[in-house]
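**Student:** how does the following fold in three dimensions:
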Amino acid sequence: MDNIYDILVERGFIEQATHEDEIRELLGKESVTFYVGFDPTGDSLHVGHFVQVMVMMHMQRAGHKPIALVGGGTAKIGDPSGRSDIRKMLTEEQLNKNVEGLKNQLSKYLNLDGENGFAANNKDWLDDLKYIEFIRDIGKHFSVNRMLTAECFKSRLEKGLSFLEFNYMLLQSYDFLELNKRYNCKLELGGNDQWSNIIAGVDLVRRKEQKQVYGLTFKLLTTSEGKKMGKTESGAVWVDPDKTSPFEVYQYLRNIDDADVENTLAMLTFLPMDEVKRLGNLEGAEINKAKEILAFEFTKIVHGEEEAKKAEKAARALFAGGNDMSNIPSTEMEKDKFSDGIGLLALMTELGLTASNGEARRLVKQGGVSVNDEKINDIKKEITLEDFTDNKLLIKKGKKKYHQVVVK
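**Tutor:** Take a look at the predicted model:
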């Protein structure tokens with residue numbers, strides 16, 4: 001079997017490694033316990049998170065043991081990495097709900113049975129820490145001068161970095177130390193914005209336990225223009241089907257730019273790399289076939305094959321001008337709501353098609369909104385029961401985003 005490190009490099013995941021040769025050798029000779037941390041600022045993963053999940057799935061398939069660490073403790077502080085301001089503090093109740101949501105989702109994609117993989121919450125060891133003892137035993141191993149050179153802190157110094165956030169690096173490093181003791185965890189993985197925290201953890205385990213552990217970061221999922229993927233005008237593309245339907249996940253990937261197809265196929269599917277390269281090299285109208293395969297394969301991983309087939313069928317019906325609307329995002333509303341009419345702008349915002357009435361107004365003015373296949377140019381357009389056919393109405397935003405309203 002190929003070394004999993006080589007597979008991750010070939011698929012474009014790896015950004016930085018603390019000890020490249022040693023990590024490759026270790027992964028080739030034994031089953032390695034590794035961990036990835038997830039910040040429970042929300043109760044669902046989104047497409048951006050899925051690079052980490054895919055790496056964990058690749059690693060587990062190769063015989064290594066993942067620890068999915070949900071940061072119920074560190075989220076009480078908030079990671080300053082990649083942020084220009086302090087994070088909003090969540091209540092204990094919100095954090096517990098988010099932790100459970102992420103654990104449940106991660107368990108769908110990884111075997112976290114306590115033998116082949118593990119689920120952990122750093123709240124279990126961070127909540128009971130005694131501050132004076134922690135600073136004495138752990139803080140003495142951290143140089144303030146060195147910490148201030150870390151990118152996650154440097155970018156915040158001009159606007160102000162709270163002492164609360166300054167502790168974050170110590171706590172994430174302590175997580176690695178604790179996981180090493182509890183599970184013999186030897187490898188921490190994370191996005192490239194976690195590099196400073198990861199190398200601090202590697203150094204702490206070396207100092208406290210006289211053990212060599214390792215760190216890897218992987219690239220963020222970005223477009224060819226360097227923008228983060230996984231976001232739309234109306235927000236993130238979520239894994240939770242109640243937040244983003246399987247059809248919307250499918251459509252998001254079906255509509256990516258041609259230049260992003262090969263990289264996204266490599267990182268978000270398990271297709272063999274020779275097939276990824278073949279599909280990525282298609283040109284003209286043929287590249288749309290590659291996008292359909294990408295959208296189907298990823299939707300299958302996230303939501304299962306049955307939902308992927310439904311999304312594929314619905315998308316093809318729309319592209320072909322068919323009338324199968326059964327799998328298109330749909331909202332049921334009371335008939336009474338439309339008796340006196342409701343403004344189209346307000347309706348689009350209520351359905352989540354636009355973030356605000358202002359955005360809806362701009363789209364209408366630009367000719368980007370249709371109701372039942374009729375382009376709307378009037379920003380004062382009122383939707384009434386007369387606009388419904390068989391109690392259904394279809395709103396189209398832009399070229400490829402649809403939402404059906406059903407009255408009852």
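
**Student:** do you know how far Ile77 is from Lys309?
**Tutor:** Distance of Ile77 to Lys309, given as CB to CB, to the nearest Å: 43 Å. C-beta coordinates here come from the backbone N, C-alpha and C atoms, glycine included.

**Student:** and these two? which has more neighbours close in?
**Tutor:** Between Ile77 and Lys309, counted using other CB atoms under 10 Å, Ile77 has the larger neighbour count: 20 against 15.

**Student:** hmm, the more buried one is touching Leu170, no?
**Tutor:** No: using CB atoms under 8 Å, Ile77 is not in contact with Leu170; the gap is 10.1 Å.

**Student:** regarding Thr299, what is its secondary structure?
**Tutor:** Three-state assignment for Thr299 (DSSP: H, G, I helix; E, B strand; the rest coil): helix.

**Student:** which pLDDT value belongs to it?
**Tutor:** Looking at Thr299, its pLDDT stands at 97.

**Student:** chain neighbours aside, what residue packs nearest to it?
**Tutor:** Ala308 (4.1 Å; CB to CB, 6 or more residues apart in numbering).

**Student:** let's verify the closest residue in space to Asn281 that isn't next to it in sequence: helix, strand, or coil?
**Tutor:** Nearest non-adjacent residue to Asn281, counting by CB to CB, 6+ apart: Glu262, 7.5 Å away. Applying three-state DSSP to Glu262 yields a three-state assignment of helix.

**Student:** what mean pLDDT does stretch 119-126 get?
**Tutor:** 94.

**Student:** whoops, stretch 70-90 was the one
**Tutor:** 67.

**Student:** please identify the helix or strand for Arg316.
**Tutor:** For Arg316, the enclosing helix or strand under DSSP states H and E is helix 305-319.

**Student:** can you tell me what sits against the helix or strand following that helix?
**Tutor:** The element immediately downstream of helix 305-319 (helix or strand, assigned by DSSP H and E) is strand 330-333. Contact partners of strand 330-333, identified using CB atoms under 8 Å, 6 or more residues apart in numbering, comprise 351, 403-408.

**Student:** just the ones in helices from those residues, please.
**Tutor:** Leu351 (DSSP state H).

**Student:** now the buried members of the contacts of strand 330-333.
**Tutor:** Buried residues within these, counting neighbours by 16 or more other CB atoms under 10 Å: 351, 403-405, 407.

**Student:** list the contacts of the residue nearest to Thr299.
**Tutor:** With CB under 8 Å, 6+ apart, Ala308 has these contacts: 246, 250, 296-297, 299-300.

**Student:** before we move on, what about Asn391?
**Tutor:** 335, 406-408.

**Student:** between the buried ones among the contacts of strand 330-333, which sits nearest Val237?
**Tutor:** Checking the buried ones among the contacts of strand 330-333 against Val237 by CB to CB gives His403 as the nearest, at 15.4 Å.

**Student:** and that closest one, bridged to which residues?
**Tutor:** His403 has the following beta-bridge partners by DSSP bridges: Ile395.

**Student:** pretty sure it contacts Thr349?
**Tutor:** No: applying CB under 8 Å, one finds His403 not in contact with Thr349, separated by 11.7 Å.

**Student:** which SSE is Asp240 in?
**Tutor:** Going by DSSP H and E, Asp240 is not in any helix or strand.

**Student:** please name the residues that touch the closest residue to it other than its chain neighbours.
**Tutor:** Spatially, and ignoring its direct neighbours in sequence, Asp240 is nearest to Ser44 (3.8 Å; CB to CB, 6+ apart). By CB under 8 Å, 6+ apart, the contact set of Ser44 is 101-102, 105, 238-240, 243.
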